[in-house]
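S.K.: Whatever this is, show me its structure:
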Amino acid sequence: MKYFLRILLAAVLGMVASVASAEDFAVDGIYYEITSSTTPYTVAVTYRGTYITSYSNEYTGSVTIPESVTYSGKTYRVTSIGNSAFRDCTGLTSVTIPESVTEIGGCAFWECSGLTSVTIPESVTEIDVCAFSGCTSLTSVTIPESVTSIGMSAFYKCTGLTSIEIPNSVTSIGSRAFDGTAWYDNQSDGVVYAGKVAYTYKGTMPDNTEIVLEEGTLGIGGSAFRGCTGLTSVTIPESVTSIVYQAFRGCTGLTSITIPESVTSIGESAFYDCTGLTSITIPNSVTSIGYSAFLGCTGLTSVTIPQSVTQIWDGAFFGCTGLTSVTIPNSVTSIDDSAFEGCSGLTSVTIGNSVTSIGYEAFRGCPLTSIHCYAEYPPTCSKLAFSIEKPNCKLYVRPGSVDMYSVHQDWYEFNILSLDDEALGIEDVNVNSNETDSETLRCEKGIYDLSGRKVNDDETLRYDNYPSKLKKGIYIVNGRKTVVR
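M.R.: Presented below is the predicted three-dimensional model:
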C-alpha cells in the first residue's frame, strides 16, 4: 500500500536529515551551516565535517553560541540549533543559546551525557524530536513561555532530570518526551499532566475506565492513552485544540468519545484500531483528518464529516469494515491514497462538489454499487482508486456533466446517470450497438436524448434493433436510461 511506504520513507528521510547536514564554515570553534545565503543571512549551528561521524566530541566544556557571526564579509544571524549539532558530545557540560534562536532541532543534544546545564531563551518556539534524549546529567530544565511544542522523546532517558517547568504556552507534547526521567518516575499512576497537557496514562488502566480530562487542559500528548484497552469513554474539554499522534491508538474498549468544537485537527493514527468505536461525530471546527486517523476501526458504522474538513489524508478510514455509506462534504478538495481502502461494507459514497482528485487505492476493496458525485468536472483518479466492476456501479452526476464523465478516462466505464434521473425514478440499461435481443431492444414509447429532444422521428427506430441506428451515447428509451456503447 502506497501510503504505508510513504510513511516509512518519511521516517527514513527524517533519519537521514538528522545526519546529512554539513558545516559550511567555523568561527571560534563553533560550526555553522548556511540556511539563507540571501538577505537576511541566517545560519544554523551544526557539527564538524560532512557527516555526523566525521568527527567525535568536537564540542567540550561550556559553549556560548553568539546571536550573529561574520564570515567572508557577511554577517549571519544564528536562528537554529541544527539536527544532531551536538550529538554524542559527551564532553559538553553547558550551553547558552542566544535569543536569536527559534528552534532546537532533532537530536541536537542527543546523548550529551555530560551536559548539566542548558539555557533555553524566550525566542525558542519548538524543541524537536529527541533534542535532549539521553542527557543523563541534566537535572533541571525550564521551558520558556515562547515554546508551544515539545517533540517526541525530547528528554527521553534524561535519568537525572528531577525538575521540569512547563509553561501554559505548550499545547503539544510528543510521545515519550519525558519517559525515563526521574520526574516521570516520581509521578503517581493515572493521568500524568505536564503543564496543561495530558501527557500520558501511567500504570495499568482498570477495565471500564471513564476519563474526564481536567478543565483547562490545552492538549493531549502523543500516544497518551495508546493501548489503554480498559478505557470506555473520555470527555475532552473545550480548551483542547488538537488530538495528536496515536493519542487513543489501540483503545479497543473505547465506545464513546465527544470531540469538542475547539478541536481543529485529528492527528495521525489518533484512533487507530479503536475497534469498539461504533460512531463518531467530527465537529465543524476540524479542518484535517490525519493519516490513518481511524484505520482499523472495524466497529465504526457511521461517521459524520463536517463541511469544515478540506482534506482526508492517506488511510484515514482504512479497513473500517462496518461503514456502509459515507458522505464527503463540499469543503473537501482531495481524497488521499487508501483513504477508504478495505472498507468491505461500503456500498455507497457521496462525493462533494469541490473534490478534484481521488488518490491511489482510495476506495480499493469497497464493493460500491452507487456513487453520487457532485463535482461539475470529473475528479482525476489515481491508479486503482476503485477496484470494482465499474459498469455495475451507478455513478450519479450533475445533468450538465454527464457527457464529460462519459468521455473521461477515469469515469467512462461506470454506469453514468444524471442526478435528475434518480429523482424521477428513471431506471437504466446498457446495450451494445450490435445487440439483437428483441426484448431488450424493443422501443414502444419513443427515444429521447438527455435534453429531452425526441431522436426517433424515423419510424423504423420504433421497432427492434434500434441501437444499430443510433450513435453511441446516452438516451431515454421507454422511460429508462439507456447507454449505447
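
S.K.: per-residue pLDDT, the residue nearest to N415 when sequence neighbours are not counted?
M.R.: Of all residues not flanking N415 in the chain, K394 sits nearest, at 5.0 Å (Cβ to Cβ, 6 or more residues apart in numbering). Using the backbone N, CA and C atoms, a C-beta is placed for each residue, glycine as well. At K394, the predicted lDDT confidence score is 96.

S.K.: After the lowest-mean-pLDDT helix or strand in the chain, which helix or strand is next?
M.R.: Here the helix or strand of the chain ranked lowest by mean pLDDT, DSSP states H and E is helix 2-20, holding a mean of 40. Counting by DSSP states H and E, the next helix or strand C-terminal to helix 2-20 is strand 25-27.

S.K.: Now do the following helix or strand past that following strand, average pLDDT.
M.R.: Following strand 25-27 in sequence order, the next helix or strand is strand 30-36 (DSSP H and E). Averaged across strand 30-36, pLDDT comes to 97.

S.K.: between the next helix or strand after strand 30-36 and strand 30-36, how many degrees?
M.R.: The helix or strand immediately downstream of strand 30-36 is strand 42-46, counting by DSSP H and E. Put simply, strand 42-46 runs at 140 degrees to strand 30-36, going by axes from the mean of the first three to the mean of the last three Cα atoms, to 10 degrees.

S.K.: Off-centre distance for strand 42-46?
M.R.: Relative to its parent chain, strand 42-46 has a centroid offset of 30 Å by Cα atoms, centre = their mean, to the nearest Å.

S.K.: Which elements pack onto it?
M.R.: With contacts taken as 3 or more Cβ pairs under 8 Å, 6 or more residues apart in numbering; DSSP states H and E, strand 42-46 sits against strand 30-36, strand 74-81.

S.K.: how does it look with 10 Å?
M.R.: Judged by 3 or more Cβ pairs under 10 Å, 6 or more residues apart in numbering; DSSP states H and E, the packing partners of strand 42-46 are strand 25-27, strand 30-36, strand 68-71, strand 74-81.

S.K.: Export the helix or strand immediately after that strand in the chain to PDB, keeping only CA atoms.
M.R.: Downstream of strand 42-46, the next assigned helix or strand under DSSP H and E is strand 61-64. Output of strand 61-64 as PDB, limited to C-alpha atoms (Å, rounded to 0.1, in the frame of the first residue of the first chain):
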ATOM      1  CA  GLY A  61      33.200  22.200  28.200                       C
ATOM      2  CA  SER A  62      31.000  25.300  28.200                       C
ATOM      3  CA  VAL A  63      29.700  26.600  24.900                       C
ATOM      4  CA  THR A  64      28.200  30.000  24.300                       C
END
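
S.K.: How about strand 61-64, which residues are buried there?
M.R.: By neighbour count on 16 or more other Cβ atoms under 10 Å, the buried set for strand 61-64 is V63.

S.K.: I'd like the average pLDDT over that strand.
M.R.: 96.

S.K.: same for that strand, what does it pack against?
M.R.: Against strand 61-64 (3+ Cβ pairs under 10 Å, 6+ apart) you get strand 92-96.

S.K.: Pull up the pairing partners for the strand it packs on, direction included.
M.R.: When pairs are called by DSSP bridges, strand 92-96 turns out to pair with strand 61-64 (parallel), strand 117-119 (parallel).

S.K.: which residues are contacting it?
M.R.: Contacts to strand 92-96, defined as Cβ atoms under 10 Å, 6 or more residues apart in numbering, come from residues 45, 57-66, 81, 85-86, 89, 108-109, 112-121, 135, 137.

S.K.: Now, of those residues, which are buried?
M.R.: 45, 58-59, 63, 65, 81, 85-86, 89, 108-109, 112-115, 118, 120, 135, 137.

S.K.: surely the residue nearest to N415 meets H372?
M.R.: Yes - judged on Cβ atoms under 10 Å, K394 makes contact with H372 at a distance of 8.9 Å.

S.K.: Is it possible to get JSON lines of the helices and strands packed on strand 42-46 that adds distance to G216?
M.R.: JSON lines is the format used below for these (distance: least, Cβ to Cβ, whole Å):
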{"stretch": "strand 25-27", "distance to G216": "46"}
{"stretch": "strand 30-36", "distance to G216": "37"}
{"stretch": "strand 68-71", "distance to G216": "40"}
{"stretch": "strand 74-81", "distance to G216": "32"}
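
S.K.: low-confidence ranges in this structure?
M.R.: 1-21, 421-485 (pLDDT under 70).

S.K.: Residue ranges of each domain in it, please.
M.R.: Using automatic domain parsing, the domain ranges for the chain come out as 18-186, 426-484.

S.K.: Put together a markdown table for these, with distance to C297 on each row.
M.R.: Converted to a markdown table, the domains of the chain look like this (distance: least, Cβ to Cβ, whole Å):
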| stretch | distance to C297 |
| --- | --- |
| domain 18-186 | 20 |
| domain 426-484 | 35 |
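
S.K.: Pick the most deeply packed of the ones you listed.
M.R.: Among these, domain 18-186 has the highest mean neighbour count (mean count of other Cβ atoms under 10 Å), at a mean of 19.

S.K.: Distance from the chain centre to that one, please.
M.R.: 28 Å.

S.K.: try stretch 274-294
M.R.: Relative to its parent chain, stretch 274-294 has a centroid offset of 11 Å by Cα atoms, centre = their mean.

S.K.: what sits against A177?
M.R.: 127, 129-133, 150-156, 164, 166, 184, 194, 197, 199-200, 221-222.

S.K.: typo on my end, it should be I351
M.R.: I351 neighbours (Cβ under 10 Å, 6+ apart): 326-330, 332, 335, 358, 371-375, 379, 395, 397.

S.K.: and the two most separated of the residues you listed?
M.R.: Longest distance between any two of those is 18.9 Å, between P329 and L395; criterion Cβ to Cβ.

S.K.: Show me which of these two is the more surrounded one.
M.R.: L395 (22 against 19; other Cβ atoms under 10 Å).

S.K.: Could you look up the SS state of that one?
M.R.: Following DSSP: H, G, I helix; E, B strand; the rest coil, L395 is assigned to strand.

S.K.: Quick check, A385 in contact with V355.
M.R.: No - using Cβ under 10 Å, A385 and V355 do not qualify as a contacting pair, with a distance of 11.5 Å.

S.K.: shared neighbours of those two, anything?
M.R.: Counting by Cβ under 10 Å, 6+ apart, the common neighbours of A385 and V355 are I335, P379.

S.K.: neighbours around W313, how many?
M.R.: Neighbours of W313 (other Cβ under 10 Å): 22.

S.K.: how close does it get to E126?
M.R.: Separation of W313 from E126 (Cβ to Cβ, to the nearest Å): 22 Å.

S.K.: cool, and S348?
M.R.: Taken as Cβ to Cβ, the span from S348 to E126 is 43 Å.

S.K.: Please apply the same query to T200.
M.R.: 20 Å.

S.K.: rewinding a little: now, among the contacts of I351, which is nearest to S288?
M.R.: Each of the contacts of I351 was checked against S288 using Cβ to Cβ; the closest is V332, at 10.4 Å.
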